[in-house]
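Asker: got a sequence here, can you model it:
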Amino acid sequence: MQIYKVGGAVRDRLLGRKVEEIDWVVVGATAEQMLDQGFRPVGADFPVFLHPQTGEEYALARTERKSGRGYGGFTFYASPDVTLEEDLIRRDLTVNAMAEDDQGRLIDPHGGQRDLAARLLRHVSPAFAEDPLRVLRVARFAARYAPDGFSVAEETLELMRRLSESGELSALTPERSWKEISRALLEPRPDVFIQVLRDCGALAALLPEVNALFGVPQPEAHHPEIDTGVHVLSVLRQCAEHQQPLTVRWACLLHDVGKGLTPPDQWPRHIAHEQRGLPSIRSINQRCKAPKDCQELALLVGEYHTHGHRALELKASTLLELLHSFDVYRRPQRFEEFIAACEMDARGRDGLEQRTYPQADYLRGAMQVAREVAVQPLLEQGFKGAELGEALQRQRLQALKAYKARTAA
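Answerer: Numbers count the residues shown, from 1 in each chain. Here you go, the predicted structure:
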């Protein structure tokens, strides 16, 4: 039995990056031998075990053969006679197909170290094109390593194009796709993830509503970058630079999909794009099976982001309706995320990345004023039921009118 450290741990050590988790490959062993040594089995499709002390994953060396469509359409073969080189060749990228032995010596049969030096994400073998999930994985790696100067090799991008054109992406389950999309959006350059998907045709297959934004013009006075798709990429980059959570990044990705539905004869204006985009956002949310908090914020940001930008101009009654829509009395954090999404939207424009966003503090102040209106005095006055709710709204409206007058002075 021989044990090798493989994959990301080797790659990141060579890059001088922090190693987050370690995977191991075991050559020359059987599942029975692993169990006899106290390893716990966890792999449903192929033999993967957890170390009894460290909890790290140990997988038996294996080969794989395409036997169906999609990510799960493979037959795996694990046996003591499978070599390390046979195991490594089934991996996606050369930089992920390196191993280290127990002496720390590098085993690199596919030029991973060379591609690390060249800052290239290159496929290991033509078998890359058998797994559609690899399109998303490579785009995610591009988003992670773009700050280090990495890009996708042109021949790999060509294989990704073929996969996108083959229809294989439709065989991916929403759960697998969402896992990759959500992880990619949290990488240092989520905009690169979307751009790589677009470059290989996968964006049109997976998120056609977002793909449709590229080439759609906006008024230059508000959007110096003009192109709506380019704007969305810039907003995502701002999200990463300001370390926004997944909910905000997902909402920012989808906030302008309504502009892709504007009739071309109305360009570059996009009247009522907020309402027009809501059915598309609902459709994407359901298709991707996004978590509930991501779904809710995406819909609210899509509908109200223009209100956020115009916050200082809103009437007190409109401001109250906005706060009510977000249920700020029970869920103030969701309104904070809305404010963050609006600020990223405002900053995601050519030359305006450092602009101030006074609307943020103004909206926070309005939320605080509305939340501070007490219910107890109204109860003491005898209000109850629907009348109590109406009285509470009147009090909040008066408080917001006073707030507007105060901040305008």
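Asker: for the residue nearest the centre of the chain, what are its contacts?
Answerer: Centroid check for the chain by CA atoms, centre = their mean gives L185 as the closest residue, at 2.4 Å. The contact partners of L185, taken as CB atoms under 8 Å, 6 or more residues apart in numbering, are F193, L236, L246, R249, W250, L253. Every residue, glycine included, has its C-beta placed from N, CA and C.
Asker: switch these over to TSV; also include pLDDT and secondary structure.
Answerer: TSV is the format used below for the contacts of L185 (pLDDT from 0 to 100; DSSP: H, G, I helix; E, B strand; the rest coil):
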residue	pLDDT	secondary structure
F193	98	helix
L236	98	helix
L246	98	helix
R249	98	helix
W250	98	helix
L253	98	helix
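Asker: from those, pick the one nearest Q398.
Answerer: Closest approach to Q398 among the contacts of L185 (CB to CB): W250, at 36.4 Å.
Asker: what about the closest one, how many neighbours?
Answerer: 29 (other CB atoms under 10 Å).
Asker: that one and L300 touch, don't they?
Answerer: No - between W250 and L300 there is no contact under CB atoms under 8 Å: 11.8 Å.
Asker: tell me which element the nearest residue to G201 once chain neighbours are set aside is part of?
Answerer: Nearest residue to G201, sequence neighbours excluded (CB to CB, 6 or more residues apart in numbering): S164, at 3.8 Å. According to DSSP states H and E, S164 maps onto helix 154-166.
Asker: which helices and strands does that helix pack with?
Answerer: Applying 3 or more CB pairs under 8 Å, 6 or more residues apart in numbering; DSSP states H and E, we find helix 154-166 packed against helix 133-145, helix 202-206.
Asker: all helices of the stretch 1-150 of the chain, in order?
Answerer: 8-15, 31-36, 84-89, 112-118, 133-145 (DSSP state H, counting those that start in this stretch).
Asker: deepest-packed of those, please.
Answerer: Neighbour counts (mean count of other CB atoms under 10 Å) averaged over each of the helices of the stretch 1-150 of the chain peak at helix 133-145, with a mean of 24.
Asker: so which elements touch it?
Answerer: Applying 3+ CB pairs under 8 Å, 6+ apart, one finds that helix 133-145 contacts strand 120-121, strand 151-152, helix 154-166, helix 174-185, helix 190-199, helix 202-206.
Asker: single out the most deeply packed of those.
Answerer: The most buried one of the helices and strands packed on helix 133-145 (mean count of other CB under 10 Å) is helix 190-199, showing a mean of 25.
Asker: from the contact counts, what lies against it?
Answerer: Partner elements for helix 190-199 (3+ CB pairs under 8 Å, 6+ apart): helix 133-145, helix 174-185, helix 202-206, helix 228-241, helix 246-254.
Asker: next, the angle helix 174-185 makes with that helix.
Answerer: 130 degrees (axes from the mean of the first three to the mean of the last three CA atoms, to 10 degrees).
Asker: now do helix 190-199 against helix 246-254, angle only.
Answerer: Going by the same axes, to 10 degrees, helix 190-199 makes 40 degrees with helix 246-254.
Asker: list of residues touching helix 190-199?
Answerer: So helix 190-199 is contacted by 135-136, 138-140, 142-143, 146, 152, 157, 184-185, 187, 203-204, 206-207, 210-211, 214, 229, 232-234, 236-237, 239-240, 249, 253 (CB under 8 Å, 6+ apart).
Asker: report the longest helix in the protein, please.
Answerer: Criterion DSSP state H: the longest helix present in the chain is helix 385-408.
Asker: so what does it touch, helix or strand wise?
Answerer: Helix 385-408 packs on helix 316-325, helix 358-371, helix 376-380, going by 3+ CB pairs under 8 Å, 6+ apart.
Asker: name the helix or strand of the chain that has the lowest mean pLDDT.
Answerer: Using mean pLDDT, DSSP states H and E, strand 74-78 stands out as the lowest-scoring helix or strand of the chain, at a mean of 70.
Asker: out of the helices and strands packed on helix 154-166, the one nearest A386 is which?
Answerer: Proximity to A386, assessed across these by CB to CB, is greatest for helix 202-206 (46.5 Å).
Asker: ok, residues contacting that closest one?
Answerer: Contacts of helix 202-206 (CB under 8 Å, 6+ apart): 135-136, 139, 160, 163-164, 169-170, 177, 194, 197-198, 210-211.
Asker: hmm, back to that, identify the residues contacting the residue nearest to G201.
Answerer: Contacts of S164 (CB under 8 Å, 6+ apart): V135, C200, G201, A202, A204, A205.
Asker: and the furthest pair within those residues?
Answerer: Among the contacts of S164, V135 and A204 lie farthest apart (CB to CB), at 12.1 Å.
Asker: related to what we said a few turns ago, what would the helices and strands packed on helix 154-166 look like in TSV with mean pLDDT and distance to V369?
Answerer: Compiled in TSV, the helices and strands packed on helix 154-166 are given as follows (pLDDT from 0 to 100; distance: least, CB to CB, whole Å):
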stretch	mean pLDDT	distance to V369
helix 133-145	97	40
helix 202-206	97	42
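Asker: those: which one's closest to S79?
Answerer: helix 133-145 (24.6 Å).
Asker: now do the closest one and helix 190-199, the angle between them.
Answerer: Using the same axes, to 10 degrees, helix 133-145 lies at 140 degrees relative to helix 190-199.
Asker: return the distance of helix 133-145 from the chain's centre.
Answerer: Distance of helix 133-145 from the chain centroid (CA atoms, centre = their mean, to the nearest Å) equals 12 Å.
Asker: confirm A290 sits in a strand?
Answerer: No - A290: not assigned to a strand; according to DSSP: H, G, I helix; E, B strand; the rest coil it is coil.
Asker: test of understanding: give the bridge partners of the closest residue to L93 other than its chain neighbours.
Answerer: Once flanking residues are discounted, L93 sits nearest to L121: 5.5 Å by CB to CB, 6+ apart. Note on L121: beta-bridge partners by DSSP bridges are V152.
Asker: re the thing from before, wait, which of the helices and strands packed on helix 385-408 is closest to E57?
Answerer: Smallest distance to E57 across the helices and strands packed on helix 385-408 (CB to CB): 43.1 Å, for helix 358-371.
Asker: circling back: could you dump the helices and strands packed on helix 133-145 to JSON lines with distance to Q395?
Answerer: Converted to JSON lines, the helices and strands packed on helix 133-145 look like this (distance: least, CB to CB, whole Å):
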{"stretch": "strand 120-121", "distance to Q395": "58"}
{"stretch": "strand 151-152", "distance to Q395": "58"}
{"stretch": "helix 154-166", "distance to Q395": "56"}
{"stretch": "helix 174-185", "distance to Q395": "40"}
{"stretch": "helix 190-199", "distance to Q395": "42"}
{"stretch": "helix 202-206", "distance to Q395": "48"}
